[in-house]
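Asks: Below are the sequence and a predicted model; questions follow.
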Amino acid sequence: MDKDIDFVITELEVAIQNPNFPYGQYIGLVFVDIAPSFPKVKSTLNSIEEHLINTDMQIFAHNKTVHPITSETDVSFLDITKH
């Protein structure tokens, strides 16, 4: 594995433009992803886009906040699934 990758806690906020809701709608997600490529962020945004096809809605903006995982990081709030 490449030494320049790291697992990080990622907070992803997605703003959805919807003509029925003038202030928009927001989706907030927290998950573990791999930096710097962020494959889960990319697949999540693609999945949301796919579900919005044939609707009047679209992704207006998105923002991610990244928190490094260290030996002191509390991950008890995450539902960890081992594959």
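Replies: Now that the structure is in, tell me what you want to look at.
Asks: starting at the chain centroid, how far to the least confident helix or strand in the chain by mean pLDDT?
Replies: Lowest on mean pLDDT, DSSP states H and E among the helices and strands of the chain sits strand 21-35, with a mean of 92. Relative to its chain's centre, strand 21-35 lies at 6 Å (Cα atoms, centre = their mean, to the nearest Å).
Asks: partner strands of the helix or strand where H62 lies, parallel or antiparallel?
Replies: H62 belongs to strand 58-68 when elements are defined using DSSP states H and E. If you go by DSSP bridges, strand 58-68 pairs up with strand 6-18 (antiparallel).
Asks: List the buried residues in the partner strand.
Replies: V8, I9, T10, L12, V14, A15, I16, N18 (16 or more other Cβ atoms under 10 Å). To be clear about C-beta, it is placed using only N, CA and C from the backbone, and glycine gets the same treatment.
Asks: the inter-axis angle of that strand versus strand 21-35?
Replies: With axes from the mean of the first three to the mean of the last three Cα atoms, to 10 degrees applied, the angle from strand 6-18 to strand 21-35 works out at 160 degrees.
Asks: what packs against the least confident helix or strand of the chain?
Replies: strand 6-18, helix 39-52 (3 or more Cβ pairs under 8 Å, 6 or more residues apart in numbering; DSSP states H and E).
Asks: Reformat these as TSV; add distance to G28 and mean pLDDT.
Replies: TSV is the format used below for these (distance: least, Cβ to Cβ, whole Å; pLDDT from 0 to 100):
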stretch	distance to G28	mean pLDDT
strand 6-18	5	95
helix 39-52	12	96
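Asks: among those, which is nearest D74?
Replies: When the helices and strands packed on strand 21-35 are compared by Cβ to Cβ, strand 6-18 sits nearest D74, at 9.9 Å.
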